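1. This is a predicted model, with the sequence first.
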Amino acid sequence: MDPADALADRCAKAAADLTIPALLHRNATEFGDRPALSTLGRDDTRTWAELHHEVADMSRGLAEIGLQPGGRMLIMMSSRPEHWLVDLAAVHLGAVPSTVYPTLSPEQLRYLALHSAAQLLVLEGRAELARWRPILPDLPKLRRIMLLEEPAAGEASLATVTLEHVRAVGAAAHRAAPDAFERSWRAVRPEQPVTLLYTSGTTGDPKGVVLSHHNVVYQSVVLEATVAVPDHAPTVAYLPLAHIAERMLGIYNAVYRAGHVTICPDAAQLVPALRTVGPASFFGVPRVWEKMAAGVQAQLAAAEPATRAAYDAASAVALEAFELRADGRPVPGELAARLAGADAAVLRPMRALLGLQNMAWAGSGAAPIPVAVLRFLAGLGLDVLEVWGMTETTGTATINTPERFRTGTVGRPNPGMQVRLADDGEILVRGPLVCSGYLRADGGVEAVTDAEGWLATGDVGTVDADGFLTITDRKKELIITSSGKNVSPAQIEQRLRAHPLIGQAVAVGDRRPYITALIVLDDEVAPRWAQANGIGETALPGLAADPRVLAEIQAAVDAANAGLSRPEQVKTFRVLPSSWTPETGELTPTLKLRRRIITARYGETIDALYGGDPLVL
């Protein structure tokens, strides 16, 4: 049997018949005393046995207040142990939990609640309840609201209960009928839904992606087969649980590996969390890696010349070895020895400042990351390897591994997954990681694949002779200039963001004569850069108009243009005076660009970049 087919066969056998409740039961039985869940800065560690016991009580409590097998439950809660507890408890009932982003508007929340026909709404507290209150009359399927804190006076009419009440009711029910919980979770089958995730989408209504137990268990098996990390390894959970990456790594993979998850409730405390935990693996969205690289660069810029020289020499050795491995070539013994010395003396202490000194695997995904950032991190002795996938593929569909990777690509298909390109370059995938389908408003599930099982991803790419996939753009985000040139905005934006001063960039030019760009300064790096360059102003509005900043941005644009074809080159740009966030609307909750919102909001600015000329039709 072909080695790839043999590996896929082993993964299929390892994942067969497993469910998340069965794995949690295994953990409580075989690894009961091992730590399972902690919160950064708090003495609240739960062992696997303790977590399983709490899940049992909560699961019975949810059943007592009316959550039924197959019923759907919406959660709007921050990253905290109760979020994990409620989610897993619903799964043990055969119900379907769905975490929603707290940044959604009331109209978006109404859509999700109506579309999911949620029976139960779980909220963190009264502030969240106040956001939902205006739309509650529009939700006839909603039976109960569960809060972590006591509801305010007069809220009883909303059928509110507290989490502690539900847990107490469940504990009593569990004591009265101890076998009911086991009967419930043992009835859950691998093909049943384990969660419902709504895509954050840049256009149109969100789609409810239904993932099965088999989907998430198979993804965990694949990660174990392709990424060598220690058993029971500690990890840091910092992304929202509405994000497929955190849901996979922070819940399902942790259950499969019986790992120890430390919750970082505030993403601004990510680096302190990493320093505390020292994880063996870490997944970051590109913006996280870009900020880390910018932080190290700022430290080096302020370092003594001797320190900088020592770093540059060590970094050159690390990059030389990295490039050999990226090309699939062995690292000679002499170079390996020099690298070991440079790493111990210089690079590992630098990585320790980020909490990444124990990395066996570091991944990046969800959006393109500049190759320049990957090379800088490689020079730090940190191989950040790109993966690719989507919610519909349960996270990664392709992966670069420490043993086989190629910089600038998103790796090769996971075991059991197949990738091919349509005639127009769109990437098609099929295999056991493809979701069950999209939830329909009537409660049914609509297939996402064609008759042969292929999912059209909407991404455009190329595959090289060794099977490595490169993403070139989103199919629907291609710019077609007024002269008919097809241009990939992602490639342009990726090159622009390689400069530490640039936090976000949007390439513009659809139906226009040439490409321009809207640029947003990095709100952390820009003030430090200004101070280092003798600029008294540190606020973004002032910096966006400062001639020295604009000259530096022009240099960044020139550098980006040097690697682009003439139709792709940015002819002019505008630096905007404020940052973009999910709250301001220009970014999705997963930090992807909302292009239509941006082009509508900054329409006059864009027109000005073309001399006030409207769209060329």
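-> Yep, it's here.
2. domain parsing for this structure?
-> Using automatic domain parsing, the domain parsing of the chain gives 10-279, 282-475, 478-609.
3. okay, how far is it across the last one, tip to tip?
-> The first and final residues of domain 478-609 sit 20 Å from each other (Cα to Cα, to the nearest Å).
4. Do a quick rundown of the helices in the stretch 101-250 of the chain.
-> With DSSP state H, counting those that start in this stretch as the criterion, the stretch 101-250 of the chain has helices at 106-116, 126-132, 163-176, 178-186, 213-226, 244-246.
5. Hmm, I typed the wrong one, I wanted the stretch 451-600 of the chain.
-> In the stretch 451-600 of the chain, the helices defined using DSSP H, counting those that start in this stretch lie at 489-496, 525-532, 540-543, 547-562, 595-601.
6. between the ones you listed, which gets nearest to Asp179?
-> In terms of Cβ to Cβ, the element of the helices of the stretch 451-600 of the chain nearest to Asp179 is helix 595-601, at 52.8 Å. Placement of C-beta: from N, CA and C, glycine included.
7. what sits up against the closest one?
-> 202-203, 477, 489, 506, 508, 518, 580, 585-586, 606 (Cβ atoms under 8 Å, 6 or more residues apart in numbering).
8. and if you look at stretch 39-54?
-> Applying Cβ under 8 Å, 6+ apart, the set of residues contacting stretch 39-54 from outside is 24-25, 27-28, 31-38, 80-81, 84-85, 88, 167, 258, 262-265, 269, 272-273, 276.
9. So which of those residues are in strands?
-> Counting by DSSP state E, the contacts of stretch 39-54 place 35-38, 262-263 in strands.
10. that older thread, Ala4: which of the domains of the chain is closest?
-> Per Cβ to Cβ, nearest to Ala4 of those: domain 282-475, 6.9 Å.
11. For that closest one, give the mean pLDDT please.
-> Domain 282-475 shows an average pLDDT of 94 in the prediction.
12. So for the contacts of helix 595-601, which is the shakiest by pLDDT?
-> Per-residue confidence over the contacts of helix 595-601 reaches its minimum at Thr202, where pLDDT is 44.
13. got the contact list for Val100?
-> Residues near Val100 by Cβ under 8 Å, 6+ apart: 74-76, 109, 112, 198, 242.
14. what's the closest of these to Glu323?
-> When these are compared for distance to Glu323, the smallest value, 37.5 Å, is given by Ala242; criterion: Cβ to Cβ.
15. Kindly tell me how buried that closest one is, as a neighbour count.
-> Burial measure for Ala242: 24 neighbouring residues, criterion other Cβ atoms under 10 Å.
16. State the distance from the residue nearest to it when sequence neighbours are not counted to Pro415.
-> For Ala242, the nearest residue in space outside its immediate sequence neighbours is Thr99; the separation is 4.3 Å by Cβ to Cβ, 6 or more residues apart in numbering. If you measure Thr99 against Pro415 using Cβ to Cβ, to the nearest Å, the figure is 28 Å.
17. Next: Gly333.
-> With the distance defined as Cβ to Cβ, Gly333 ends up 32 Å from Pro415.
18. who's more crowded, the two?
-> Under the criterion of other Cβ under 10 Å, the comparison of Gly333 against Pro415 puts Pro415 first, with 23 against 8.
19. Quick check, the more buried one in contact with Val222.
-> Yes. With contact defined as Cβ atoms under 8 Å, Pro415 reaches Val222; the gap is 5.6 Å.
20. what residues are shared contacts of those two?
-> Common neighbours of Pro415 and Val222 (criterion: Cβ under 8 Å, 6+ apart): Cys11.
21. residues contacting the spatially most central residue of the chain?
-> For the chain, the residue whose C-alpha lies nearest the mean C-alpha position (Cα atoms, centre = their mean) is Ala245; its distance is 4.4 Å. Contacts for Ala245 were tallied using Cβ under 8 Å, 6+ apart; they are 239, 283, 285, 365-366, 395.
22. List just the nearest of these to Ala176.
-> Leu239 (38.9 Å).
23. that older thread, only whichever of the ones in strands among the contacts of stretch 39-54 are buried, select them in ChimeraX.
-> Only the buried members of these end up in this ChimeraX selection, burial being decided by 16 or more other Cβ atoms under 10 Å:
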select :35,36,37,38,262,263
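24. Is it possible to get CSV of the ones in strands among the contacts of stretch 39-54 that adds distance to Arg528 and pLDDT?
-> Putting the ones in strands among the contacts of stretch 39-54 into CSV (distance: Cβ to Cβ, whole Å; pLDDT from 0 to 100) gives the following:
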residue, distance to Arg528, pLDDT
Pro35, 37, 98
Ala36, 39, 98
Leu37, 36, 98
Ser38, 32, 98
Thr262, 29, 98
Ile263, 29, 98
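25. Could you name the residue of the protein that is farthest from its center?
-> Extreme point of the chain relative to centroid (Cα atoms, centre = their mean) is Ala176; 41.6 Å.
26. where's the helix or strand containing Arg348 relative to the chain centroid, distance-wise?
-> Following DSSP states H and E, the helix or strand that holds Arg348 is helix 348-352. Average the C-alpha atoms of helix 348-352, do the same for its chain, and the two points are 25 Å apart (Cα atoms, centre = their mean, to the nearest Å).
27. And stretch 29-45, by the same measure?
-> Between the mean C-alpha location of stretch 29-45 and the chain-wide mean there is a distance of 24 Å, by Cα atoms, centre = their mean.
28. And for stretch 91-109?
-> That offset, for stretch 91-109, works out to 17 Å (Cα atoms, centre = their mean).
29. Quick one: end-to-end length of it, please.
-> End-to-end distance for stretch 91-109: 22 Å, by Cα to Cα.
30. ok, the closest residue in space to Leu270 that isn't next to it in sequence - contacts?
-> Closest residue to Leu270 in three dimensions, ignoring its sequence neighbours and counting by Cβ to Cβ, 6+ apart: Tyr238, at 5.1 Å. The contact partners of Tyr238, by Cβ under 8 Å, 6+ apart, come to 79, 246, 264, 267, 270, 273.
31. quick one: the last one from Phe282, how far?
-> Using Cβ to Cβ, one gets 10 Å for the distance from Ala273 to Phe282.
32. Among those two, which residue is more densely surrounded?
-> Phe282 (26 against 21).
33. Can you check my assumption that that one lies in a helix?
-> No. Remark: Phe282 does not belong to a helix; assigned using DSSP: H, G, I helix; E, B strand; the rest coil, it is strand.
34. Make 782 the starting number, not 1.
-> Yep, numbering from 782; the last one is Phe1063 now.
35. Quick check: bridge partners of it?
-> In this entry, Phe1063 is beta-bridged to Ala1143, by DSSP bridges.
36. re earlier: give me the common contacts of Ala1054 and Phe1063.
-> Counting by Cβ under 8 Å, 6+ apart, the contacts common to Ala1054 and Phe1063 are Val1017.
37. Could you check stretch 1186-1197 and say which residues are buried?
-> Going by neighbour count (16+ other Cβ under 10 Å), the buried part of stretch 1186-1197 is 1186-1188, 1190-1197.
38. How far away from the center of its chain is that stretch?
-> 18 Å.
39. can you check stretch 847-858 too?
-> Stretch 847-858 sits 23 Å away from the centroid of its parent chain (Cα atoms, centre = their mean).
40. which outside residues touch that stretch?
-> Residues external to stretch 847-858 that are found in contact with it (Cβ under 8 Å, 6+ apart): 843, 864, 867-868, 871, 874-881, 883, 890, 893-894, 897-905, 909, 913, 924-925, 929, 965, 968, 977, 1022.
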